[in-house]
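Participant: Let's see this in three dimensions:
(chains A, B and C)
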Amino acid sequence: MVILEVNVDVLSYLDALALILLVTAFLAIHFKNAFYSIISFGAMFVSLSAFYFGLNAQFAAVFQLVVAVGTIAVFFLVSEVFTSEKDEDETVKDRILGVIIALTLSIPSFIIDLKENHLLLSPRGLSFPYAMWRLRVLDVIAQGVVALTLALGIMIILKRRSVKVMGEK
Amino acid sequence: MEYIILSMTLLAIGVYGLLTKRNLLKTLMSIEIIAAAASMNFVVFSSLLGDRMGQVFFILALSVDTSITAVVVALLLVANRELKVSDIWDLSKLKE
Amino acid sequence: MIGLLEVAAPSIILIISALLTLPAVNLIRRRYNQRFSILLMWILTPFILVGASIISLAIKYHGQSSLSPFLRIFLVSDDLSHISSSFLVDAVSIYMVIVYFIVGLISCIYAVFYIGFDDLSERYFALMFMVLGGVMAATFSGDLLTLFIFWEVSAAGSCFLIIYWKKPESIEACLKYLVMIIIASAFIVYGLSIIYGLVGSLNFWTVRAALASLTDKSLLIVAFLFVVCGYAIESAVVPFHMWLPDAYTAAPSSTSAFLSAVVDQASYYVFMRVLVYILTPPDILNWPFTLAVFSALTMTVGNLFALAQRDVKRMISYVCVADIGYNLIAITSVKPIGVMGNLFFFFVGGMTTALAFMVIGIINSLGLKSLDDLSGIGKIFPMTGFALVVASLSFSGIPTLAGFMAKYMVFTAAIAADMAWLAVIGILNSLLQTAYLVRLIHYMYAKKVKKRLGGREPKNLLLPVYLLVASILILGVYPSIVLEMIYPAAQQLTLLLSS
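Facilitator: Residues are numbered from 1 along each chain as shown, chains lettered A, B, ... in the order given. Sure thing, here's the model as predicted:
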């Protein structure tokens, strides 16, 4: 009798999360049904966030989750508006094919090993708030300016109006 | 596990979706996947190097991408209302 | 000593006045009976303040430029300064801000008369200020991420300027533009993240130092490939140029003038900053030849498509694409003469495209669009016709106009960098460009008038147009006015290359 031994160390949970991430990302694109597609997309974000938690980057993980919730809500709204005419479903064969392609795609990241050399070797003991609000406050302000620009302009897109256009008599 | 290749694969999936899928929803998803791939490296490197600055970069870069995506959504709704299209690549065929 | 606030002052003034513009224009609309003179005064006030702050900054900088030619201003000044946000002031950025100021001022005056008191015109002017402020801050930024975020301000603002009238084709063009912008920004962020992983910082100087000291550069090459590719999409280098003609044709003419004069020049500046000032000396990554190929492609495609267009506005949009090619020639040379040619071309190219779009805005407002419509208008509308003639002759580089000097310097730079073939392609392209622009002039003066035209030339729109015509003529005869401002920049590049 042969006992299959699965070596747990080889496939750590981060690797598993990365695998789920790639598969769900591919399936989100691959699925024809909008509902499944969005579900898969949401799963991708959740696994991405879990991946960040696994990397011990809590701020990034939480931020990613917050963004993801908003995005998925918007996507459900968009799918309500747009996909009314033809909602075709793929066969089971298609779905399995999608999973297989996604798994194939994830192989390179497991077998290729780049020998990168980093210049920064010693960890800098920065606290997150200090890095954000002291060192990078200019970029945060710049970020605010982007938001302000969008807030100023969004009315131009959304407001229904009849305009008289020069040169169109 | 090679993180750069991982994020490159994610980027490739996004670009693939952008180029091949004709559905509007898929286009938006591809854009989001590209943004996720782009910002993922920051977190990975930040954690590998033990440097919190990467997470700050991540938050800044991702919020720029997200806010512009929001405008694209608004624009798509308007385009759907006024031009009655549901495929952005149809738009580009109107000319040339 | 120049402080952070002084460098940011132009952008801060512009952003605050953008916010104040909303109530102010509404007030002018209701209380003052839509008087153009008051609106013009309101638009000019921030420009006066910005001008004053730029002049004081330039004087302060040039007073001490021999001590520290590349002035780095950090947010914090301890040993963590290289990872904090920072500004960089040098001769190039000072010069570029002056260019944006002059060209932006003239296109804002044009926009006042062109857009007038539309439904949402206060937002239009506010966004113009925002874009200008974002571009100025991007020009001063000394860090790749700051540069990127401020650049996104201008990119996001320009999409609203493009869609302003909400014609069907402008919605379409804007959507195309935004999708391109998002892809580009994802590429840029991707490249930046790898650079961060390898270097640990995104400051220009740290990255530049790391380039020299890293032993294995392959991953860094990939990273910069992504960054340059992203900025190439945003400045419409040829394989990615498709959004530009659509956007500029569908946009209101005042927008096309403003974007081609300010945002386009800013995108070339970003290109130059990343390539010439960070990736130098070029033999580290050996990029000039690849860029030269793209430059030749961009010129040729731009000019060939322009030749085929019947719609005049679309033709000028393709001239913009060709202009990118000429600018890239000078960037590939990485020589002081190349930088001089570049900077001069930024100014002159910006003015000329703005002039052309402004004149086309006037022509379009008279109901004329295609090349055939333009038959004989030179005689009916002499003022407008003359301005378009000046623009097209300056585009094609006829001596005594500013365009000649710009092209001459660019082609000399290519020869100085041992890329004579590129100069030859450039000159051939220039001939092609002259051919179709002379055809335009031929239509305007030699052909008979096709249809009876009722309208009259709008006099107020001709004011900014003739400001530009005058400056193109003056710069053609006395280029030294601008060349003197550019000269320190060229010297500083020599310093940078030798260090």
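
Participant: CA only for contacts and neighbour counts going forward, please
Facilitator: Noted.

Participant: Select the helix or strand of chain A having the lowest average pLDDT value.
Facilitator: helix A:107-111 (a mean of 76; mean pLDDT, DSSP states H and E).

Participant: What lies in contact with that helix?
Facilitator: Residues from elsewhere that reach helix A:107-111 (Cα atoms under 8 Å, 6 or more residues apart in numbering or on different chains): B:1, B:2, B:3, B:4, B:5, B:6, B:9.

Participant: between those, which has the most around it?
Facilitator: Each of the contacts of helix A:107-111 was scored for neighbours by other Cα atoms under 10 Å in any protein chain shown, and residue B:6 scores highest at 24 neighbours.

Participant: quick one on the thing from earlier: can you tell me which two in the contacts of helix A:107-111 are farthest apart?
Facilitator: B:1 and B:9 (12.7 Å; Cα to Cα).

Participant: any weak-confidence spans in chain B?
Facilitator: For chain B, applying pLDDT under 70 flags the ranges B:1, B:84-96.

Participant: residues from it in reach of chain C?
Facilitator: With Cα under 8 Å from any Cα of the partner chain as the criterion, chain B meets chain C at residues B:31, B:34-35, B:37-39, B:41-42, B:45-46, B:49, B:54, B:57, B:61, B:64-65, B:68-69, B:72, B:75-76, B:79, B:82-83, B:88, B:91-92.

Participant: re earlier: the contacts of helix A:107-111 in helices, which ones?
Facilitator: B:3, B:4, B:5, B:6, B:9 (DSSP state H).

Participant: will you turn the residues you listed into CSV that also has distance to residue C:39?
Facilitator: Formatted as CSV, those follow (distance: Cα to Cα, whole Å):
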residue, distance to residue C:39
B:3, 55
B:4, 53
B:5, 55
B:6, 54
B:9, 53
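
Participant: So which of these reach chain A?
Facilitator: Among these, the residues within reach of chain A (Cα under 8 Å from any Cα) are B:3, B:4, B:5, B:6, B:9.

Participant: Next SSE downstream of the longest helix seen in chain A?
Facilitator: The longest helix of chain A (DSSP H) is helix A:58-82. Counting by DSSP states H and E, the next helix or strand C-terminal to helix A:58-82 is helix A:92-105.

Participant: and that following helix, what does it pack onto?
Facilitator: Helices and strands touching helix A:92-105, as assessed by 3 or more Cα pairs under 8 Å, 6 or more residues apart in numbering or on different chains; DSSP states H and E, comprise helix A:13-30.

Participant: Ignoring the adjacent residues along the chain, who's closest to the residue most central in space within chain B?
Facilitator: Nearest to the geometric centre of chain B sits residue B:31, at 2.4 Å (Cα atoms, centre = their mean). Counting by Cα to Cα, 6 or more residues apart in numbering or on different chains, residue B:31 lies nearest to residue B:14, which is 6.5 Å off, once chain neighbours are set aside.

Participant: Need the contact partners of the strand or helix carrying that neighbour.
Facilitator: If you go by DSSP H and E, residue B:14 is part of helix B:3-20. For helix B:3-20, contacts defined as Cα under 8 Å, 6+ apart pick out A:18, A:22, A:25-26, A:29, A:105-106, A:108-109, A:112, B:26-27, B:29-34, B:37-38, B:40-41, B:44.

Participant: where in chain C is pLDDT low?
Facilitator: Short version for chain C, where the test is pLDDT under 70: C:283-284, C:451-452, C:454, C:499.

Participant: try 80 this time
Facilitator: C:1, C:33-34, C:65-67, C:77-81, C:118-119, C:214-217, C:280-286, C:450-457, C:498-499 (pLDDT under 80).

Participant: check contacts around residue C:401.
Facilitator: Contacts of residue C:401 by Cα under 8 Å, 6+ apart are C:390, C:393, C:394, C:472, C:473, C:474, C:475, C:476, C:477.

Participant: Can I get the buried part of those as one ChimeraX selection?
Facilitator: Selecting only the buried entries of the contacts of residue C:401 in ChimeraX, with 16 or more other Cα atoms under 10 Å in any protein chain shown as the criterion:
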select /C:390,393,394,472,473,475,476
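
Participant: okay if I get the contacts of residue C:401 as JSON lines plus distance to chain A and secondary structure?
Facilitator: Below are the contacts of residue C:401 laid out as JSON lines (distance: Cα to the nearest Cα, whole Å; DSSP: H, G, I helix; E, B strand; the rest coil):
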{"residue": "C:390", "distance to chain A": "23", "secondary structure": "helix"}
{"residue": "C:393", "distance to chain A": "26", "secondary structure": "helix"}
{"residue": "C:394", "distance to chain A": "26", "secondary structure": "helix"}
{"residue": "C:472", "distance to chain A": "27", "secondary structure": "helix"}
{"residue": "C:473", "distance to chain A": "29", "secondary structure": "helix"}
{"residue": "C:474", "distance to chain A": "32", "secondary structure": "helix"}
{"residue": "C:475", "distance to chain A": "32", "secondary structure": "helix"}
{"residue": "C:476", "distance to chain A": "33", "secondary structure": "helix"}
{"residue": "C:477", "distance to chain A": "36", "secondary structure": "helix"}
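
Participant: Format the contacts of residue C:401 as a markdown table; extra columns: distance to chain B.
Facilitator: Shown next, in a markdown table, are the contacts of residue C:401 (distance: Cα to the nearest Cα, whole Å):
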| residue | distance to chain B |
| --- | --- |
| C:390 | 30 |
| C:393 | 28 |
| C:394 | 29 |
| C:472 | 34 |
| C:473 | 37 |
| C:474 | 39 |
| C:475 | 38 |
| C:476 | 37 |
| C:477 | 41 |
